[in-house]
Structures are given as C-alpha cells and as structure tokens.
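Colleague: after the sequence you'll find the predicted model.
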Amino acid sequence: MRRLAIAAALAAAPALAQAPLPRVQLNAGIHVIRAEVASTFETRAQGLMFRKTLGASDGMLFVFPEPQRICMWMRNTYVPLSVAFMDEQGVILNVEDMAPLTEASHCAAGPAKFALEMNQGWFAARGVKAGTRIGGLEQAPAAR
C-alpha cells in the first residue's frame, strides 16, 4: 500500500508543476520580471521542477515566512537557473548559478526572506548583483 501511495505521488508530480501560481511583476531597475510566486511549503518544494523552458523575463519568486539561511537545489529541474537571495527589503545578498538536474546546495550569504530564480545568466547580463534592490516584492502573497 505504501509503495502505491509513493508511486501515485511521483506520477502526479509533473502535473503539479503545471498548476497555475499567482504572478507578480517585479523590477530590477529598468528590467521587468514576470514572476510566479511560490509562497507555501508545497509550492516552494516544487519550484520549477519538471519545466522544460522559462520565458526570457520570467522567473519564480520564493517567499519564506521569516528571514533564514535559504539553500536551493536543482533536483528534477531541467532549465539552467541563477538564483538571487534577498533580504526583507528586497536587497540582493548574493546570486548563484545552478546547473540542471543536480543536488548541490546553493545558499544565501545571510538571512534571506526571498529567492528569485531566473534563466541562468539573466542577472549577470543586466548587471544585477549583490546590493541591487528588487522592486515590487510587496505585491507578493505572504508566506504560508
């Protein structure tokens, strides 16, 4: 019975990745970002798993209940990503590049309230780095 439940959960996982999430418009200076918001434990755990593509200015914003040492990985994630870890004010602490389908941990340089995943190289190509403030975070649903 337990194997059946695990098999059913694994089979449903790709379908969960397709479920629509709330969206917000963010900005890094003049650069506009359309971000899906992962604000629950379940949506943060799912993240961008099983996605094959991500639009040029699309991303995923992870909202956490409190500032904490956040670490991300790329299990079941096919798109190469960069992640920006941000404090409560939306100031980027650090940006990390992450290779697809790996389980290496990529961690915030300090307590972070938000993490923003974009296509790999998006931040670097626009000169967005530690110290840059991401605008529009107040539009995001609170973490649950």
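Modeller: Arrived safely.
Colleague: list the contacts for residue 93?
Modeller: 85-87, 108-110, 112, 130 (CB atoms under 8 Å, 6 or more residues apart in numbering). Every residue, glycine included, has its C-beta placed from N, CA and C.
Colleague: just the buried subset of the residues you listed, please.
Modeller: Neighbour-count burial within the contacts of residue 93 applies to 85-87, 108, 112; the criterion is 16 or more other CB atoms under 10 Å.
Colleague: pipe the contacts of residue 93 into TSV and attach distance to residue 55 per row.
Modeller: Output for those, formatted as TSV (distance: CB to CB, whole Å):
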residue	distance to residue 55
85	22
86	21
87	26
108	25
109	28
110	30
112	24
130	25
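Colleague: count the neighbours of residue 96 for me.
Modeller: 19 (other CB atoms under 10 Å).
Colleague: any idea how far it is from residue 124?
Modeller: According to CB to CB, to the nearest Å, residue 96 stands 11 Å off from residue 124.
Colleague: again, but for residue 48
Modeller: Counting by CB to CB - residue 48 and residue 124 are separated by 19 Å.
Colleague: where do the strands sit along the protein?
Modeller: Assigned strands in the chain, in chain order: 23-28, 31-38, 58-68, 71-72, 81-86, 92-98, 106-107, 112-119 (criterion: DSSP state E).
Colleague: on that earlier part again, neighbour-wise, which of residue 48 and residue 124 wins?
Modeller: Neighbour totals were compared for residue 48 and residue 124, and residue 48 leads with 19 against 12 (other CB under 10 Å).
Colleague: contacts only, for the more buried one.
Modeller: 17, 54, 60, 77, 79, 81, 117.
Colleague: give me the buried entries from the residues you listed.
Modeller: 54, 60, 77, 79, 81, 117.
Colleague: thought the fifth one was touching residue 62?
Modeller: No. Contact between residue 81 and residue 62 fails when scored by CB atoms under 8 Å: they sit 11.8 Å apart.
Colleague: spit out the residues that contact these two alike.
Modeller: With CB under 8 Å, 6+ apart, residue 81 and residue 62 have common neighbours residue 117.
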